[in-house]
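1. What follows is a protein structure lacking sequence information:
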């Protein structure tokens, strides 16, 4: 089965087209009926080169064994889903990545699901290397299971109130997908407004924040976008012993702290050696409110932030504020996962 007695990884060669990776419908149906991996994970083995672990996980390679970045793209039948196909195709070319499209139906229907998915992708004229996986079951769980198998660089999916995926991204399953997904997560949102080519990056001075900035810098260079860094801080409560002069004293302290925070922010960003053009901004208040306010003011096209238990930005992503951000930000959001 591709695993030695010592449990080491052994290469397994499976023949298929070097550019397209179709799954034979009859074989797919047999696998599903046999109950193998709920009809999903086994399809990931149908690639040119697979390295299989004792637990059945695998990663795919091309060009002499070099690992290519994988972009996992869960799809639905909405117009927004088709926009994600084109966006993913663009990313695949810019980052020399391979696309893994997947569509999850709630129930097992027939072998036409795979053919339908293939026809949709072909109709959108995808030019990057890709594979297509048709599956069935609980959408959020299937996405996570497939993510474990593919081990993608990023998961790219749509958020739209009228799409089949809405119950994942705008409902109770949001926390499940965000928390369980180990890869970077790109939530695409179609905006009714004309957004500017700006990437908004919240700054919290953590170690993972430096990696977020590096990713934002890479995206900025690839897409020709400027970066806008924002740091949100809170003020201490000041005691007022003199009601007549208390406000003036508070304002002096506010100005002093603002100056210190501004110097700290500029120094931190300078240390990152960002190559993309950028601006910095300070805000006072609650982070999620202020970041959204900045995004709305600038009409930024993308927000990039970290999901890590040791960052202050965690409250963006774990709990009710996740839904708040996804509902109210009129732009796409990239959640960086530090692994």
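-> In hand now; what should we look at? Everything numeric in this text was worked out from a predicted model, so none of it was measured.
2. domain ranges for this protein?
-> Using automatic domain parsing, the domain ranges for the chain come out as 10-188, 196-332.
3. between the ones you listed, which gets the lowest average pLDDT?
-> Mean pLDDT values for the domains of the chain show the minimum at domain 10-188, a mean of 69.
4. just checking, residue 98 touches residue 92?
-> Yes: contact criterion C-beta atoms under 8 Å: residue 98 and residue 92 qualify, at 6.8 Å. In short, each C-beta sits where N, CA and C put it, glycine included.
5. Look up the residues that both of the two are in contact with.
-> Contact criterion C-beta atoms under 8 Å, 6 or more residues apart in numbering; residues shared by residue 98 and residue 92: 71, 128-130.
6. so how far is residue 74 from residue 141?
-> From residue 141 across to residue 74, the span is 12 Å (C-beta to C-beta, to the nearest Å).
7. which of these two has more neighbours?
-> More crowded of residue 141 and residue 74, by other C-beta atoms under 10 Å: residue 74, with 27 against 16.
8. for the more buried one, what are its contacts?
-> Counting by C-beta under 8 Å, 6+ apart, residue 74 has contacts 102-104, 139, 143, 155, 157, 165.
9. wait, which of the residues you listed is closest to residue 121?
-> Among the contacts of residue 74, residue 103 lies closest to residue 121 (C-beta to C-beta), at 9.8 Å.
10. and that closest one, how far is that from residue 146?
-> Separation of residue 103 from residue 146 (C-beta to C-beta): 11 Å.
11. Can you read off the backbone torsions of residue 278?
-> phi -150, psi 170 (degrees, to the nearest 10).
12. In contact with the residue nearest to it when sequence neighbours are not counted, which residues are there?
-> Nearest residue to residue 278, sequence neighbours excluded (C-beta to C-beta, 6 or more residues apart in numbering): residue 227, at 3.9 Å. Neighbouring residues of residue 227 by C-beta under 8 Å, 6+ apart: 198-199, 201, 216-217, 220, 274, 276-279.
13. who's in contact with residue 211?
-> Taking C-beta under 8 Å, 6+ apart as the test, what residue 211 contacts is 306, 336, 338.
14. ranges for the strands of the stretch 1-150 of the chain?
-> Using DSSP state E, counting those that start in this stretch, the strands found in the stretch 1-150 of the chain span residues 10-13, 20-21, 49-52, 58-62, 66-67, 69-75, 97-105, 130-136.
15. Show the subsequent helix or strand relative to the helix or strand residue 270 falls within.
-> Here residue 270 sits within helix 246-271, counting by DSSP states H and E. Beyond helix 246-271 on the C-terminal side, the first helix or strand identified by DSSP H and E is strand 278-284.
16. what's the angle from the following helix or strand past that next one to strand 278-284?
-> Downstream of strand 278-284, the first helix or strand assigned by DSSP H and E is helix 287-298. With axes from the mean of the first three to the mean of the last three C-alpha atoms, to 10 degrees defining the directions, helix 287-298 sits at 130 degrees from strand 278-284.
17. Partner strands of the next helix or strand after helix 287-298, with direction?
-> Scanning forward in sequence from helix 287-298 by DSSP H and E, the next helix or strand is strand 300-307. Partner strands and pairing direction for strand 300-307 (DSSP bridges) are strand 196-202 (parallel), strand 332-337 (parallel).
18. Can you check which of those gets nearest to residue 151?
-> Across the strands paired with strand 300-307, residue 151 has its closest neighbour in strand 332-337 (11.8 Å, C-beta to C-beta).
19. For residue 232, give me phi and psi.
-> phi -110, psi 130.
20. Now do the same contact list for it.
-> Residue 232 touches 202, 282-287, 290-291, counting by C-beta under 8 Å, 6+ apart.
21. change it to 7 Å
-> 283, 285, 287, 290-291 (C-beta atoms under 7 Å, 6 or more residues apart in numbering).
22. Of those, which pair is most distant in space?
-> Greatest spatial distance among these (C-beta to C-beta): 285 and 291, at 9.9 Å.
23. more neighbours, the two?
-> A count of neighbours by other C-beta under 10 Å puts residue 291 above the other of residue 285 and residue 291, at 25 against 13.
24. Go ahead and confirm that one touches residue 202.
-> Yes: between residue 291 and residue 202 there is a contact under C-beta atoms under 7 Å: 5.3 Å.
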